[in-house]
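Asker: Sequence and predicted model, in that order:
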Amino acid sequence: MDLSTVTWRKASRSSNNGGNCVELARIADTVAIRDSKDPEGPKLLLTPQSLHALTQALKNA
């Protein structure tokens, strides 16, 4: 999947001081996740339902 033209959005919980920076991009029925400090690095591709399950699991961990 070509992610070179998508619009990335920084998560509202990410800090501006270079700390925990997560960015998301929506591509049709997929949500891409990346580390903003490594924009060329690996990305996670999830369905919106899988992202919701992931965030719920992290909140409950």
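Answerer: Looks like it came in fine.
Asker: Sort out which residues of stretch 51-61 are buried, please.
Answerer: residue 51 (16 or more other CB atoms under 10 Å). C-beta here means a position set from N, CA and C on the backbone, and glycine is covered the same way.
Asker: Work out the gap between the one helix or strand in the chain whose mean pLDDT sits lowest and the centre of the chain.
Answerer: Sorting the helices and strands of the chain by mean pLDDT, DSSP states H and E puts strand 9-10 at the bottom, at a mean of 89. Once both centres are worked out by CA atoms, centre = their mean, to the nearest Å, strand 9-10 turns out to sit 8 Å from its chain's centre.
Asker: continuing past that strand, what's the next helix or strand?
Answerer: Once strand 9-10 ends, the next helix or strand along the chain (criterion: DSSP states H and E) is strand 22-27.
Asker: in that next one, what's buried?
Answerer: Neighbour count says strand 22-27 has 22, 23, 24, 25 buried, by 16+ other CB under 10 Å.
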